[in-house]
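Chemist: Predicted model follows, preceded by the sequence.
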Protein chains: 2
Amino acid sequence: MYASSANISERQAAPPPLAISTVIFALRPSESSGRPTLWIPLVRRIREPFLGLWALPGGPPSAVESLQDAASRNLAETTGLAPEYLEQLYAFGGLHRSPGQRVVSIVYWALVQPTEAAMAAESENVKWFRADRLGDLAFDHQHIIDYALGRLRNKVAYGSVAYHLLGEYFTLAQVREVYEAVLDRELDPANFRRELKASPEIVETDKYLQGGKHRPPRLYRFTGLPGLDPDNRSTP
Amino acid sequence: MYASSANISERQAAPPPLAISTVIFALRPSESSGRPTLWIPLVRRIREPFLGLWALPGGPPSAVESLQDAASRNLAETTGLAPEYLEQLYAFGGLHRSPGQRVVSIVYWALVQPTEAAMAAESENVKWFRADRLGDLAFDHQHIIDYALGRLRNKVAYGSVAYHLLGEYFTLAQVREVYEAVLDRELDPANFRRELKASPEIVETDKYLQGGKHRPPRLYRFTGLPGLDPDNRSTP
DNA sequence: GCAAAAGTGTTGAGCTTACACCCATGA
DNA sequence: TCATGGGTGTAAGCTCAACACTTTTGC
């Protein structure tokens, strides 16, 4: 009988090793249409298994950092990115995720702003891909990305997540484009703008976006809070 | 640079050990009002730290079982229960969850039917508590339970989870009582029944619940699917 | 018959949706 | 001045919440 989740010295078999991975989303204009689409940075496998294939950035957590910090560090090390939004996705621990040793991966998902994404480190072994056009990936990473996409869609549909894919100032039409890219369907501009203006987290500024072809749209800011990591108890 | 979530041999420090815990919910009639309320089984700590305090059932996963199977086994070993519903809750991995060694806990949450719950093993070291009246718990387990309660409330409000707390046959009023217990507010019986009858997953039977004080209500069944664990990829 | 829960009907408020329309700007 | 996206108005339709009402049982 095991009476605690925090004492593992009570069983013989070695528990499976742990790794942290992150699915990172950013917006980039599509090469064809120019409209914003979702992109994901991947890193190339430099050893077996799956040598040469693309995979999610990840690695083992160190003993002295929280899981979320591990995801952050990892993300900075591989891609140079500092995410605007970072949330735990799921812990994957199936027996056959990896040939050879079995690994438990705690996966995070992140949103980065386009300014960040633009100056992200890209190299021989780090490349960005359109989220809907990935090739063959290592391990179960395609499956993980599909799950992350589902979560993103869900969070966008309800919550206040879309703004983390945009810069500090944005037009309401830009927000709509994010929704349209993520949900993959068109939305009524008139009704969408009304809905956003009803939300108190979106505040109007007195700036306008200049340089467009037509009437310059007003810029807005998002003032909502990022949402807390549940892995923090109030009684330390 | 760490190119994979499934290869941990690339870093020096030993990763933190892993444990699985489960928050188990079942309905029992309240001693005072007789109306159904949420109860949770806990196990007593039989060693330091937190010796003597109550804690969530849990233990290390073995190397040869999936995380969900580990939660299931664990649950059977400690409480004798076979849950009707089992879903991953969150991976808790803060640095200060446990005095002494740092542990990462992947926590599941479960719903068991009242028949199961009634014949659950109870002993000196395993007891059931009202979810809203727990004493001091070991580790961050109170915090975890609060989070699980939030998830349960959310899933009940939207989804099709309430039926897993009931037996195979149930009246619509019983479903309403579950909602009322979980959400902690009263619901309009007329509107609630209409909403349920609109759902195709709830099918009418030709049985009636006899033995009540008044008009015998019709019994219904739930035909929905349990919802899949995301930790299963389709390409094996 | 009476009390109480099972079960049905109805109505108004409010929100969503579709779309007509005006506004401001670059070319 | 015209094309285009920014931005506003509005009416139909639907959903939801409140509550009056009928039905069926045990006592």
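Modeler: Done, it's in.
Chemist: and the longest strand anywhere in chain A, which residues are buried?
Modeler: In chain A, assigned by DSSP state E, the strand with the most residues is strand A:18-29. Buried residues in strand A:18-29, counting neighbours by 16 or more other C-beta atoms under 10 Å in any protein chain shown, are found at A:18, A:19, A:20, A:21, A:22, A:23, A:24, A:25, A:26, A:27. Every residue, glycine included, has its C-beta placed from N, CA and C.
Chemist: now swap in stretch A:224-231 and tell me
Modeler: When burial is assessed from 16+ other C-beta under 10 Å, stretch A:224-231 yields the following buried residues: A:230, A:231.
Chemist: Distance from that stretch to the middle of the chain?
Modeler: Distance of stretch A:224-231 from the chain centroid (C-alpha atoms, centre = their mean, to the nearest Å) equals 15 Å.
Chemist: contacts for it?
Modeler: For stretch A:224-231, contacts defined as C-beta atoms under 8 Å, 6 or more residues apart in numbering or on different chains pick out A:66-68, A:85, A:87-88, A:160, A:163-164, A:201, B:90-94, B:147.
Chemist: repeat that with 7 Å
Modeler: Under the criterion C-beta atoms under 7 Å, 6 or more residues apart in numbering or on different chains, residues A:66, A:67, A:68, A:85, A:160, A:201, B:90, B:92, B:93, B:94, B:147 lie in contact with stretch A:224-231.
Chemist: same thing with stretch A:93-101?
Modeler: So stretch A:93-101 is in contact with A:16, A:49, A:102-104, A:139-140, B:6, B:66-67, B:231-232, B:236, going by C-beta under 7 Å, 6+ apart.
Chemist: Narrow those residues to just the buried residues.
Modeler: Using 16+ other C-beta under 10 Å, the buried ones in those are A:16, A:102, A:103, A:104, A:139, A:140, B:6, B:66, B:67, B:231.
Chemist: Residue A:181 sits in which helix or strand?
Modeler: Taking DSSP states H and E as the criterion, residue A:181 maps to helix A:172-183.
Chemist: buried set for that helix?
Modeler: A:172, A:174, A:175, A:176, A:177, A:178, A:179, A:181, A:182.
Chemist: Which parts of chain A are strands?
Modeler: Taking DSSP E as the test, the strands found in chain A are A:18-29, A:36-44, A:54-55, A:58-59, A:85-92, A:104-111, A:126-130, A:202-208, A:218-222.
Chemist: nearest to DNA strand D, of those strands?
Modeler: strand A:218-222 (3.6 Å; C-beta to the nearest atom of the strand).
Chemist: can you state the direction angle for that closest one and helix A:172-183?
Modeler: Strand A:218-222 runs at 60 degrees relative to helix A:172-183, counting by axes from the mean of the first three to the mean of the last three C-alpha atoms, to 10 degrees.
Chemist: So which elements touch strand A:218-222?
Modeler: Under the contact criterion of 3 or more C-beta pairs under 7 Å, 6 or more residues apart in numbering or on different chains; DSSP states H and E, strand A:218-222 touches strand A:202-208.
Chemist: Domains in chain A, by residue range?
Modeler: Listed by automatic domain parsing, the domain ranges of chain A are A:18-157, A:167-222.
Chemist: Generate JSON lines for the buried residues of strand A:18-29, with pLDDT and distance to chain B as supplementary columns.
Modeler: As requested, those are arranged in JSON lines below (pLDDT from 0 to 100; distance: C-beta to the nearest C-beta, whole Å):
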{"residue": "A:18", "pLDDT": "94", "distance to chain B": "5"}
{"residue": "A:19", "pLDDT": "96", "distance to chain B": "4"}
{"residue": "A:20", "pLDDT": "97", "distance to chain B": "7"}
{"residue": "A:21", "pLDDT": "97", "distance to chain B": "3"}
{"residue": "A:22", "pLDDT": "97", "distance to chain B": "9"}
{"residue": "A:23", "pLDDT": "98", "distance to chain B": "10"}
{"residue": "A:24", "pLDDT": "97", "distance to chain B": "13"}
{"residue": "A:25", "pLDDT": "97", "distance to chain B": "17"}
{"residue": "A:26", "pLDDT": "96", "distance to chain B": "19"}
{"residue": "A:27", "pLDDT": "94", "distance to chain B": "24"}
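Chemist: out of the residues you listed, who's nearest residue A:112?
Modeler: Distance to residue A:112 across the buried residues of strand A:18-29 (C-beta to C-beta) is lowest for residue A:26, with 4.6 Å.
Chemist: and the closest one, bridged to which residues?
Modeler: residue A:39 (DSSP bridges).
Chemist: Isn't it up against residue A:115?
Modeler: No: using C-beta atoms under 7 Å, residue A:26 is not in contact with residue A:115; the gap is 9.9 Å.
Chemist: Near DNA strand C, which residues of chain A are found?
Modeler: Proximity of chain A to DNA strand C (C-beta under 7 Å from any atom of the strand) is limited to residues A:188, A:190, A:191, A:194, A:195, A:210, A:212, A:213, A:214, A:215, A:216.
Chemist: Nearest spatial neighbour of the last one, chain-adjacent residues omitted?
Modeler: Across the structure, with C-beta to C-beta, 6 or more residues apart in numbering or on different chains as the measure, the residue nearest residue A:216 apart from its sequence neighbours is residue A:208 (4.2 Å).
Chemist: neighbours around that neighbour, how many?
Modeler: Counted with other C-beta atoms under 10 Å in any protein chain shown, residues neighbouring residue A:208 total 13.
Chemist: would you put the C-alpha positions of the lowest-mean-pLDDT helix or strand in chain A in PDB?
Modeler: Sorting the helices and strands of chain A by mean pLDDT, DSSP states H and E puts helix A:114-118 at the bottom, at a mean of 85. What follows is helix A:114-118, C-alpha atoms only, in PDB (Å, rounded to 0.1, in the frame of the first residue of the first chain):
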ATOM      1  CA  PRO A 114       5.400  38.000 -33.700                       C
ATOM      2  CA  THR A 115       8.300  40.300 -32.800                       C
ATOM      3  CA  GLU A 116       9.800  37.500 -30.800                       C
ATOM      4  CA  ALA A 117       9.100  35.000 -33.500                       C
ATOM      5  CA  ALA A 118      10.700  37.200 -36.100                       C
END
